[in-house]
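Chemist: after the sequence you'll find the predicted model.
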Amino acid sequence: MPVAERMPGLRRVSVARAYGGPSGPSEVYRVHEFFFDDEQALRRAMTSPEGQQAGRALMGFAASQVSLTFAEHLEEERPLPGRAG
């Protein structure tokens, strides 16, 4: 996804490979997250030339396997039990 990682306004990228869940293997193989300042920045990125090129590339090799989801994100650090922090 090098083209997608060049979208304007992109602040952070996270990639995870799913290996299963409580019931065993997962249908999800990879989660690729793109972080933007807000929904407007996301929409500008998606409609930019880089965003459109990334969308075409993604649909060209994974159209039947991919699902796009937009979400707000909250992340908080949590201290380990027994450690001050």
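Modeler: Arrived safely, thanks for sending.
Chemist: which stretches of this structure have low pLDDT?
Modeler: Scanning the chain for pLDDT under 70 picks out the ranges 84-85.
Chemist: longest helix in this protein, by residue count?
Modeler: Taking DSSP state H as the criterion, the chain has its longest helix at helix 49-62.
Chemist: show me what that helix is packed against.
Modeler: Where contact means 3 or more Cβ pairs under 8 Å, 6 or more residues apart in numbering; DSSP states H and E, helix 49-62 is packed against helix 39-47. C-beta: built from backbone N, CA, C; applies to glycine.
Chemist: for the longest helix of the chain, the distance to its chain's centre please.
Modeler: 14 Å (Cα atoms, centre = their mean, to the nearest Å).
Chemist: buried stuff in it?
Modeler: 50-51, 54, 58 (16 or more other Cβ atoms under 10 Å).
Chemist: could you export that helix as CSV, CA atoms only?
Modeler: Coordinates of each C-alpha in helix 49-62 appear next as CSV, following Å, rounded to 0.1, in the frame of the first residue of the first chain:
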residue,chain,number,x,y,z
PRO,A,49,-5.1,11.7,-6.7
GLU,A,50,-3.1,9.5,-4.3
GLY,A,51,-6.3,8.3,-2.6
GLN,A,52,-8.0,7.5,-5.9
GLN,A,53,-5.0,5.7,-7.2
ALA,A,54,-4.7,3.7,-4.0
GLY,A,55,-8.4,2.7,-4.2
ARG,A,56,-8.0,1.5,-7.8
ALA,A,57,-4.9,-0.5,-6.9
LEU,A,58,-6.7,-2.1,-3.9
MET,A,59,-9.8,-3.0,-5.9
GLY,A,60,-7.5,-4.3,-8.7
PHE,A,61,-6.1,-7.1,-6.5
ALA,A,62,-8.5,-7.5,-3.5
